[in-house]
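[1] Give me a model of this one.
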Amino acid sequence: MPPAPDGPHTPHSTGLPALDAPSAHVEALAERGMQRHYRRGTLIIQEGERGDTLYIVRSGRLRAFVADASGKELTLGLYGPGEYVGEMSLDGGPRSASVETCEPTVCAVVARDVLLTYIAEQPGFALELMARLIRRARLATDNARSVALIDVYGRLTRLLDQLATAPDAQGQRTVTERLTHQQIASHLACSREMVSRLLKDLETGGYLATQERRLVLLKPLPARW
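    Numbers count the residues shown, from 1 in each chain. Below you'll find the model as predicted:
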């Protein structure tokens, strides 16, 4: 599940609700959906297809991505419990991205008519939905800027900084997601070999280590490499 590029949301500056706390609306809406269980690696949304359902994650994790004809992928975001995907196609248009499960996942699948009925009953949820769409649009813009204007190392350090925990007593930060080199490459729009080389260089330089298949940032990463 990806962090917002703008830092903590400030409701007073935009009039939009904060998104950090679990949403009571999302929980209530999930109760109206159909609970479905998916195995790891299940493609639940196909880019380009027509769809009118919203998927709310109850447990597990989803990955949204786009792919070209050769199979090269770009990861758009990771989504965990309390988050949802599929809202972009509720206007009747085609799906803008594919979504697959990263692990065994349970989702509440909410049909468009159920969502519209809930919004009519609880109009405040429309503002919350709009705020999330705005945040995702900003994130998409930020990611596009990153791919176009920042080199691969810069994109790597940006991703690690976003995913890492706060520093512990020793100043070390842990990337809680167990990401493979290929998964990181999909986030950065580069080759797996490039990711492997950069991570190896950082490990040799004493900036990074791997513990229980998780990346640990031993000290602040250099601005340039």
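[2] Okay, domains of this protein per the record?
    Residue ranges for the structural domains of the chain, counted by automatic domain parsing, are given in the record as 21-148, 151-217.
[3] List just the one of those domains that sits closest to A223.
    Ranking the domains of the chain by their distance to A223 (criterion: C-beta to C-beta) puts domain 151-217 first, at 7.9 Å. C-beta here means a position set from N, CA and C on the backbone, and glycine is covered the same way.
[4] Could you pull up the mean pLDDT of the closest one?
    Averaging pLDDT along domain 151-217 gives 90.
[5] Any idea how far apart the tips of that domain sit?
    The distance separating the two terminal residues of domain 151-217, taken as C-alpha to C-alpha, to the nearest Å, comes to 20 Å.
[6] Tell me the gap between the longest helix seen in the chain and the middle of its chain.
    Using DSSP state H to define each element, the chain has its longest helix at helix 124-149. Once both centres are worked out by C-alpha atoms, centre = their mean, to the nearest Å, helix 124-149 turns out to sit 11 Å from its chain's centre.
[7] What values do phi and psi take at E73?
    In terms of degrees, to the nearest 10, the main-chain angles of E73 are phi -120, psi 150.
[8] What residues are recorded as beta-bridge partners of it?
    When bridges are taken as DSSP bridges, the partners of E73 come out as A67.
[9] For R135, grab the count of nearby residues.
    For R135, the neighbour count with other C-beta atoms under 10 Å is 18.
[10] any idea how far W225 is from it?
    30 Å (C-beta to C-beta, to the nearest Å).
[11] ditto for V26
    Computed with C-beta to C-beta, the distance linking V26 and W225 is 40 Å.
[12] Could you do T210 as well?
    Distance check for T210 against W225: by C-beta to C-beta, it reads 18 Å.
[13] who has more neighbours, those two?
    Between T210 and W225, W225 has the larger neighbour count (other C-beta under 10 Å), namely 15 against 11.
[14] Name the nearest residue to that one, ignoring sequence neighbours.
    If you skip the residues right next to it in sequence, W225 has Y153 as its closest partner in space, 4.6 Å away by C-beta to C-beta, 6 or more residues apart in numbering.
[15] what helix or strand is the one you found on?
    Y153 is located in helix 152-163, with elements delineated by DSSP states H and E.
[16] can you give me the offset of the helix or strand just after that helix from its chain's centre?
    From helix 152-163 onward toward the C-terminus, using DSSP H and E, the following helix or strand is strand 173-174. Taking the mean of its C-alpha atoms, strand 173-174 sits 19 Å from the chain's own mean (C-alpha atoms, centre = their mean).
[17] Same check on stretch 34-42?
    Its chain's C-alpha centre lies 18 Å from the corresponding centre of stretch 34-42 when counted by C-alpha atoms, centre = their mean.
[18] What is the end-to-end distance of it?
    Distance across stretch 34-42, first residue to last, is 17 Å (C-alpha to C-alpha).
[19] Tell me how far D161 lies from E87.
    Following C-beta to C-beta, the distance that separates D161 from E87 is 28 Å.
[20] tell me the contacts of H25?
    Under the criterion of C-beta atoms under 8 Å, 6 or more residues apart in numbering, the contact list for H25 reads Y118, Q122, G124, F125, E128.
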